[in-house]
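**Q** here you go, sequence then predicted model.
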Amino acid sequence: MFTRWSRVVPLAATGLFPMCAVLAQPAITGGPSPTSATFSLLDAAALARRQHPLLSAAGGRRQVAAGSARQEAALLNPVFEWRKENYGSPLPRDEFLSVTLPVDVYGRRVALRSASGFSAARALSDSSTAARSVEFDVARAYWRTALAAALRHAAAEQHASIDTIARIEAERAAEGAVSNGAALRARLEADRARLTDATARAELERARADLARALAVPFDSVPAPTDPLRVDSAAVVPPLAELLVLARARRSELIAARSRVAEVAKRQLAERLGSLPAVGMQAGSKRTSGFKTGTLQIGVSLPIFDRNGGNRERAHGDVLIAAGELRAAEMAVSAEVAGAHRAYSTLLLEYAQAVGTDRPGDMNGITSRGATVAGIAGTAYREGAIPLFELLDAQRVRAEIRSAALHAAANVQMARLDLLHAIGLPIDSARFLSPTQ
């Protein structure tokens, strides 16, 4: 009666209940061993930067904004005029040759050119914001896919373990060693593990689709992420005050908002100058009655009916809008940094305490303890010390703990991305938030 079971156990060894395969140094590594073809997080970001259509669109919007601002500030072209008069009359024909040139006496065009420089800087910052949005979307999709792959790997192992138990229990029930109820209970657990495995496979496909969408590549061409879900639980988080200073200096949204404030201030100045009389000059030559003479003309437009009031009012409104949007952006960034800082600090601290430097044989991590408990339960059941439901419960707890640890590692990675995004640093800031900082 004991023979078939002893061919598969001891359960505490690495046969039926292998120790958690997602343990890493010093944290959790998800999924099977990476293949020789690597696809790291930095590889994913580089791929998006090379070919993502939204980045091309962002570059196009930058050129549109910069070109429009430059065109608005361009000097007016001179007007060349050649004219002959007295056709069809006995009088000698008069011939005129002149050049008309608008004169920017007050420096309005100078103010517009200065505004165009700030507009180009704002367009560049907006383009950088779009590029960073694509990059961080890719990074988040990458870690979600890595988590889904690790959970699918863990679910497959759990399914194989419970299925083996169910198969052995069915053989023992056929031999009369255990009741048919025990064999049915084991089979039910195996079926539940099968459904969990199927769900994990489906979630992996959805995650791969999200990654393909973030990368803007066909679904079947998405490589499998090879970066492990690894967390440096000894990472140092800088004080919030330092991160706020860094965010105010680096966030492209704030740089764009400041450029907008400077731009509309220059445009407001230009519209004020536009209410002053416009001056134009004309110089040329004239041939009349056989005599050649020179001509000089100065024209002044009198601002009697149109004093540029509408444009001045609009420019003042733009100043109020830009100032309010800058203030709102600064408050939003401060809140975003504070929230991301606290979230990352909390998750990192709890991860360090619960999972820590979890590695095989280290009893300080929850995954090691869960695997050990499952192994002890297997040995106890083999020796007849505990019933089947306690063995299955231990296996279920081990799987849940393993899933929780993987989710915790992914949450820390996501929180780190949120903090990097909040303070304006790129995703490849390897030295940031590290023990050596």
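**A** Now that the structure is in, tell me what you want to look at.
**Q** could you use CA atoms for every contact and neighbour count after this?
**A** Noted.
**Q** how about the strands in the chain?
**A** Along the chain, counting by DSSP state E, strands occupy 79-85, 94-103, 278-288, 291-301.
**Q** so which of those is nearest Ala149?
**A** Closest to Ala149 of those is strand 94-103 (CA to CA; 68.5 Å).
**Q** ok, the closest residue in space to Gly424 that isn't next to it in sequence to Val261 distance?
**A** Sequence neighbours aside, Arg251 is the residue nearest to Gly424 in space, at 4.6 Å (criterion: CA to CA, 6 or more residues apart in numbering). According to CA to CA, to the nearest Å, Arg251 and Val261 sit 16 Å apart.
**Q** rewinding a little: isn't the residue nearest to Gly424 right up against Pro426?
**A** No: here Arg251 lies out of contact with Pro426, judged by CA atoms under 8 Å, at a distance of 10.7 Å.
**Q** higher neighbour count, the two?
**A** Using other CA atoms under 10 Å, the more surrounded residue of Arg251 and Pro426 is Arg251, with 21 against 14.
**Q** list the contacts for that one?
**A** If you count contacts by CA atoms under 8 Å, 6 or more residues apart in numbering, Arg251 has them with Ala422, Ile423, Gly424.
**Q** and it, how close does it get to Leu419?
**A** From Arg251 to Leu419 the distance is 12 Å (CA to CA).
**Q** low-confidence regions, the stretch 201-350 of the chain specifically.
**A** The stretch 201-350 of the chain contains residues with pLDDT under 70 at 233.
**Q** let's see that with 90 instead.
**A** 222, 228-237, 270-271, 273-309, 348-350 (pLDDT under 90).
**Q** top helix in this protein by residue count?
**A** The longest helix of the chain (DSSP state H) is helix 108-174.
**Q** check the offset of it from the chain's centre.
**A** Computed by CA atoms, centre = their mean, to the nearest Å, the chain-centroid distance of helix 108-174 equals 8 Å.
**Q** now it: average pLDDT?
**A** Averaged across helix 108-174, pLDDT comes to 92.
**Q** same for that helix, what does it pack against?
**A** For helix 108-174, the packing partners by 3 or more CA pairs under 8 Å, 6 or more residues apart in numbering; DSSP states H and E come out as helix 3-6, helix 41-51, helix 53-72, helix 180-215, helix 252-273, helix 388-423.
**Q** which residue comes closest to Ser114 once chain neighbours are left out?
**A** In this structure, Ser114 finds its nearest non-sequential neighbour in Lys266, 6.8 Å apart by CA to CA, 6+ apart.
**Q** neighbours of the one you found, how many?
**A** With other CA under 10 Å as criterion, Lys266 counts 23.
**Q** surely it meets Phe118?
**A** No: checked against CA under 8 Å, the pair Lys266 and Phe118 is beyond contact range at 9.1 Å.
**Q** quick one, phi psi at Ala235?
**A** Main-chain dihedrals, Ala235, degrees, to the nearest 10: phi -60, psi 150.
**Q** make residue 1 into 534 and carry on from there
**A** Renumbered: residue one is now 534, and that last one reads Ala768.
**Q** how close does the most far-flung residue of the chain relative to its centre get to Asp760?
**A** Distance from the C-alpha centroid of the chain, by CA atoms, centre = their mean, peaks at Pro623 (80.5 Å). Pro623 is 94 Å from Asp760, where distance means CA to CA.
**Q** now the helices: where do they sit in the stretch 834-970 of the chain?
**A** 842-887, 899-915, 921-956 (DSSP state H, counting those that start in this stretch).
**Q** is it correct that Tyr620 is in contact with Glu628?
**A** No: at 10.8 Å, Tyr620 does not count as touching Glu628 under the criterion of CA under 8 Å.
**Q** Ser754: how many residues sit nearby?
**A** The number of residues near Ser754, taken as other CA under 10 Å, comes to 9.
**Q** in JSON lines: the helices and strands packed on helix 641-707, plus distance to Ile698.
**A** Converted to JSON lines, the helices and strands packed on helix 641-707 look like this (distance: least, CA to CA, whole Å):
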{"stretch": "helix 536-539", "distance to Ile698": "9"}
{"stretch": "helix 574-584", "distance to Ile698": "38"}
{"stretch": "helix 586-605", "distance to Ile698": "51"}
{"stretch": "helix 713-748", "distance to Ile698": "7"}
{"stretch": "helix 785-806", "distance to Ile698": "57"}
{"stretch": "helix 921-956", "distance to Ile698": "9"}
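**Q** of the ones you listed, which is nearest Val638?
**A** helix 785-806 (9.6 Å).
**Q** so which residues make contact with the closest one?
**A** 639-642, 644-645, 647-652, 654-659, 661-662, 781-782, 841, 844-845, 848-849, 851-852, 855-856, 858-859, 862-863, 957.
**Q** just put the helices of the stretch 834-970 of the chain in CSV and tack on mean neighbour count and distance to Arg677.
**A** Formatted as CSV, these follow (neighbours: other CA atoms under 10 Å; distance: least, CA to CA, whole Å):
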stretch, mean neighbour count, distance to Arg677
helix 842-887, 18, 17
helix 899-915, 22, 20
helix 921-956, 22, 7
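**Q** Ala682: which of these is closest?
**A** Using CA to CA, those put helix 921-956 closest to Ala682, at 10.5 Å.
**Q** returning to what we had before: in a markdown table, list the helices of the stretch 834-970 of the chain along with distance to Val764.
**A** What follows is the helices of the stretch 834-970 of the chain, written out as a markdown table (distance: least, CA to CA, whole Å):
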| stretch | distance to Val764 |
| --- | --- |
| helix 842-887 | 8 |
| helix 899-915 | 14 |
| helix 921-956 | 6 |
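**Q** which one, of those helices, ends up nearest to Ala672?
**A** Of those, nearest to Ala672 by CA to CA is helix 921-956, at 7.7 Å.
**Q** for that closest one, packing partners?
**A** Using 3+ CA pairs under 8 Å, 6+ apart, the elements in contact with helix 921-956 are helix 641-707, helix 713-748, helix 773-783, helix 842-887, helix 899-915.
**Q** looking at the helices of the stretch 834-970 of the chain, which is nearest to Ala687?
**A** Judged by CA to CA, the one of the helices of the stretch 834-970 of the chain that comes nearest to Ala687 is helix 921-956, at 7.4 Å.
**Q** got the angle for the closest one vs helix 773-783?
**A** Angle between the axes of helix 921-956 and helix 773-783 is 50 degrees (criterion: axes from the mean of the first three to the mean of the last three CA atoms, to 10 degrees).
**Q** same question for helix 921-956, mean pLDDT?
**A** Confidence for helix 921-956, expressed as mean pLDDT, is 92.
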